[in-house]
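**Q** Quick one, structure for this:
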Amino acid sequence: SKRNFLKYLTGAVIGVGATIAAIPFVKFLSPNQYSSAANKLDVDITNLKTGHKMTIIWQKMPIYIVRRSVKTLSRLEKTNLNLRDPDSIEQRQFVLAKNYHRSIKPEILVVVGICTKRDCSVEYSPPGSNTSYLKDFKNGGFFYCACCGSKYDLSGRVVSNVPALYNLDVPKYEVVNEATIRLKV
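**A** Coordinates of the predicted model:
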């Protein structure tokens, strides 16, 4: 009986010790308030005017948020540019942005501001800007990579006959309300 008591006591001590040792591992693997907060970012777009761009650094990438006008959207829908992937067939954006304006709300464009060829930041030229080396955009606005010469329209769709092969990436995001979008991992 003394031997059985020692066996049960030893088993209980080992069980309690294993449980205590497992707690840090379980805590490490379970999400907490800090990790879930790092997986999303709310962006206030109330002060973003039509034709302007806002840049947010998120997940170590520049995210461009552009408010487009109705005129710009109609120009994008009836584009006369020779686009490499006009229907966004290549899966570099989530499914809600697989349309001609490549966004959830047509007037708000959210793209990663990095060229898909050389990983350089692309420059934004708003509609109405007069840039002589990009006459094919006819003052409609565009994104341009100075590193490789790649050009993208204001939906982030790449023009044919440039080094970049893919449209600008569209990150995962959601529209929270009229004034806020939420970037997500």
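
**Q** which residues does residue 58 contact?
**A** Going by Cβ atoms under 8 Å, 6 or more residues apart in numbering, residue 58 touches 41, 171, 183. Yep, even glycine has a C-beta here, placed from its N, CA and C like the rest.

**Q** Make TSV from the residues you listed and add pLDDT and distance to residue 84 to it.
**A** TSV is the format used below for the contacts of residue 58 (pLDDT from 0 to 100; distance: Cβ to Cβ, whole Å):
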residue	pLDDT	distance to residue 84
41	91	30
171	91	21
183	92	26
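
**Q** list the contacts for residue 49?
**A** In this structure, residue 49 makes contact with residue 67, judged by Cβ under 8 Å, 6+ apart.

**Q** The one 5 residues further on now?
**A** Under the criterion of Cβ under 8 Å, 6+ apart, the contact list for residue 54 reads 43, 45, 48, 64, 65, 66.

**Q** What does the residue nearest the centre of the chain show for phi and psi?
**A** Residue closest to the average C-alpha location in the chain (Cα atoms, centre = their mean): residue 171, at 1.9 Å. Here is the backbone geometry of residue 171 (degrees, to the nearest 10): phi -70, psi 170.

**Q** which residues sit in contact with it?
**A** The neighbours of residue 171, taking Cβ under 8 Å, 6+ apart as the test, are 58, 59, 61, 63, 110, 111, 112, 183, 184.
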